[in-house]
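> coords below, sequence missing:
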């Protein structure tokens with residue numbers, strides 16, 4: 001009995017191997033089973049196919065490489081965006097200025113830079129929007145006072161490229177330190193916080209004001225106003241003179 005069973009197992013194994021060797025790639029895999037009495041029976045085996053899809057295993061090193069490449073690409077894009085921003089804004093003044101009392105020298109620098117832009121025809125784009133108008137509803141803090149005559153060819157806001165609320169302009173029929181001019185200058189310095197006063201004359205002035213005339217107005221402002229005089233003595237307030245050239249647009253500072 002044991003011998004017959006052993007022979008049956010051997011025959012079963014040989015038959016199965018022969019069947020596997022003869023099958024085509026597209027044929028279903030089958031095995032032939034034989035019992036002790038010599039009976040045969042076919043049964044399906046686990047199917048295999050040469051068309052099986054390949055599975056690619058991603059090792060941890062591959063994952064780390066992909067993450068590093070993604071981070072490098074992200075960093076490259078960030079650097080490119082920063083470079084573009086710097087290129088677009090290099091050399092330009094900030095779009096928003098902090099208004100209020102500033103040192104006289106800083107205020108003077110703003111006016112000089114503004115005149116340079118005026119001469120070149122490159123004006124600021126900020127400072128005159130609806131948002132600026134709303135901001136100024138709460139009050140004004142001009143950084144400078146401009147005392148000049150009423151000549152239509154000499155608009156201080158234009159020749160210094162200053163916007164809403166940035167300079168306090170006092171214009172008179174003739175450039176002189178009248179009581180009204182004096183009171184206005186004291187208000188701008190004492191109440192609004194301006195630390196720079198500019199006495200501005202220009203060429204071909206109908207009043208005939210020359211450089212010596214500007215000096216006279218400057219002295220009168222300081223002598224007749226204790227507020228201005230004390231501010232000058234403390235170093236907080238500065239009074240300067242300037243001449244505007246109609247042909248070139250340049251302002252000469254004295």
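Nice, thanks for sending it over. Not measured: the values here are computed from a predicted model.

> low-scoring stretches of the stretch 151-254 of the chain, by residue?
205-212 (pLDDT under 70).

> outside of the host helix or strand of residue 218, which residues touch it?
Residue 218 belongs to helix 211-224 when assigned by DSSP states H and E. By CB atoms under 8 Å, 6 or more residues apart in numbering, the surrounding residues in contact with helix 211-224 are 147, 175-177, 181-182, 185, 197, 199, 201, 207, 209, 228-229, 232, 239, 241, 243, 254. All C-beta atoms are positioned from the backbone trio N, CA, C, and that covers glycine.

> In PyMOL, select just the buried ones from those residues.
The buried subset of the contacts of helix 211-224, as determined by 16 or more other CB atoms under 10 Å, is captured in PyMOL by this line:
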select buried, resi 147+175+176+177+181+182+185+197+199+201+209+228+232+239+241+243
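
> Are we agreed that residue 170 is in a strand?
Yes - counting by DSSP: H, G, I helix; E, B strand; the rest coil, residue 170 is part of a strand.

> that older thread, buried residues of the helix holding residue 218, list them for me.
Applying 16+ other CB under 10 Å to helix 211-224 flags 213, 214, 216, 217, 218, 220, 221, 222 as buried.

> Tell me the first helix or strand C-terminal of it.
helix 226-234.

> any idea of the angle that following helix forms with helix 211-224?
Put simply, helix 226-234 runs at 100 degrees to helix 211-224, going by axes from the mean of the first three to the mean of the last three CA atoms, to 10 degrees.

> got a list of contacts for helix 226-234?
For helix 226-234, contacts defined as CB under 8 Å, 6+ apart pick out 185, 186, 189, 190, 195, 197, 221, 222, 223, 237, 238, 239.

> And for the third one, the neighbour number?
Each residue near residue 189 was counted by other CB atoms under 10 Å, and the total is 23.

> Help me confirm that residue 128 comes into contact with residue 164.
Yes - using CB atoms under 8 Å, residue 128 makes contact with residue 164 at a distance of 5.7 Å.

> Who has more neighbours out of the two?
When residue 128 and residue 164 are compared for neighbours, residue 164 comes out ahead with 16 against 13, by other CB under 10 Å.

> With that, I have no additional questions.
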